[in-house]
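Novice: Just need the structure, nothing else, for what follows:
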Amino acid sequence: MIAFLRGTLLEKHPNQAIVEAGGVGYDVSIPVSTYSALPDAGAEVRLRIHTHVREDMLALFGFVTIEEKVLFEKLISVSGIGPTLAVKVLSGLETASLISAIRNASVEHLVRIPGVGKKTAERIVLELKDKLEMLPAGGQPAPSAKPQAALSPVEFDVLSALLNLGCQRANADAAVRKAKADGAGDEFEPLFRRALELVR
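Specialist: Numbering: from 1, shown residues only. Modelled structure (predicted):
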C-alpha cells in the first residue's frame with residue numbers, strides 16, 4: 001500500500017493532483033484544503049496517502065497534513081460514506097471547523113455541505129463524536145479583504161471545485177461572482193468557502 005508520496009507536482013486542480021515520482025505520474029484525489037496548501041506546479045510536494053482498493057480500481061487520496069488524513073479515514077469508517085463523499089466533506093468545511101462541528105453535534109453546519117443530508121450528518125456525529133480526541137480544533141480561516149475586480153484563474157478554480165462537489169453550474173457561477181463582490185479575497189480558500197456558503 002502507498003502511504004506517502006514525494007515527488008514533483010505536475011498539475012493541481014481543486015480535487016486532483018498529479019505527482020511524478022520515480023518517472024511515474026500518480027493521479028491523487030485531494031480535498032480543497034490540501035489544494036490550497038500545495039505549491040505551484042514544478043515544485044516538490046509531499047503527500048500523505050490513503051490507498052483505496054476496490055475490485056475494479058485502485059485510487060489514491062492525498063493530504064498535506066496528518067489531521068486531514070486521519071479525519072478522512074474516520075469519515076470513510078462511517079456507514080454509507082465512501083471516499084468520494086469523504087473528500088467532499090473535507091472540502092466543504094475547513095478541517096478545524098469540521099472537527100468542531102462533529103464534536104459539538106452541529107448537524108446544521110454539516111448539512112450545508114453539498115451531498116450531505118440530515119441523516120448522513122447525524123450518522124457522522126453519532127459515529128465520530130467521541131473518536132476525534134487526538135485531533136485539534138481551531139477557528140475559522142481568516143478571509144482576505146481584497147476583492148477581485150474581474151474573473152481570474154483562481155475564480156475559475158473555485159467554480160470548478162463547486163462543480164466537483166455537485167453544485168449546479170448556474171448557481172455555482174453566481175455564487176463565485178457574489179463571493180467576489182462581497183470581498184472574499186483573491187486567495188482560493190477564502191473565496192471558495194464564501195462561495196460555498198452562497199451556493200446553497
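Novice: Report how many residues lie close to the residue nearest to residue 74 when sequence neighbours are not counted.
Specialist: Excluding its sequence neighbours, the residue lying closest to residue 74 (C-beta to C-beta, 6 or more residues apart in numbering) is residue 128, at 5.5 Å. The way it works is simple: take the backbone N, C-alpha and C, and place the C-beta from them, glycine included. Counted by other C-beta atoms under 10 Å, the residues lying close to residue 128 total 17.
Novice: One more: residue 99?
Specialist: 20.
Novice: Let me know the distance separating it from residue 53.
Specialist: Counting by C-beta to C-beta, to the nearest Å, the gap from residue 99 to residue 53 is 27 Å.
Novice: Same question for residue 96.
Specialist: Relative to residue 53, and taking C-beta to C-beta, residue 96 is found at 30 Å.
Novice: Between these two, which is the more surrounded one?
Specialist: More crowded of residue 96 and residue 53, by other C-beta under 10 Å: residue 96, with 17 against 9.
Novice: Would you map the strands across this protein?
Specialist: Remark: strands assigned in the chain by DSSP state E are 4-13, 16-21, 24-29, 44-54, 57-63.
Novice: JSON lines for the ones you listed, including mean pLDDT and distance to residue 111?
Specialist: Formatted as JSON lines, those follow (pLDDT from 0 to 100; distance: least, C-beta to C-beta, whole Å):
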{"stretch": "strand 4-13", "mean pLDDT": "95", "distance to residue 111": "26"}
{"stretch": "strand 16-21", "mean pLDDT": "96", "distance to residue 111": "26"}
{"stretch": "strand 24-29", "mean pLDDT": "96", "distance to residue 111": "23"}
{"stretch": "strand 44-54", "mean pLDDT": "93", "distance to residue 111": "25"}
{"stretch": "strand 57-63", "mean pLDDT": "93", "distance to residue 111": "23"}
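Novice: so which of those strands comes closest to residue 166?
Specialist: Among the strands of the chain, the nearest to residue 166 by C-beta to C-beta is strand 24-29 (14.9 Å).
Novice: Show me what that closest one is packed up against.
Specialist: With contacts defined as 3 or more C-beta pairs under 8 Å, 6 or more residues apart in numbering; DSSP states H and E, the packing partners of strand 24-29 are strand 4-13, strand 16-21, strand 57-63, helix 83-92.
Novice: that older thread, could the strands of the chain be laid out in a markdown table, adding distance to residue 92?
Specialist: Compiled in a markdown table, the strands of the chain are given as follows (distance: least, C-beta to C-beta, whole Å):
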| stretch | distance to residue 92 |
| --- | --- |
| strand 4-13 | 17 |
| strand 16-21 | 17 |
| strand 24-29 | 15 |
| strand 44-54 | 18 |
| strand 57-63 | 15 |
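Novice: Low-confidence regions, this structure specifically.
Specialist: For the chain, the stretches with pLDDT under 70 are 133-151, 200.
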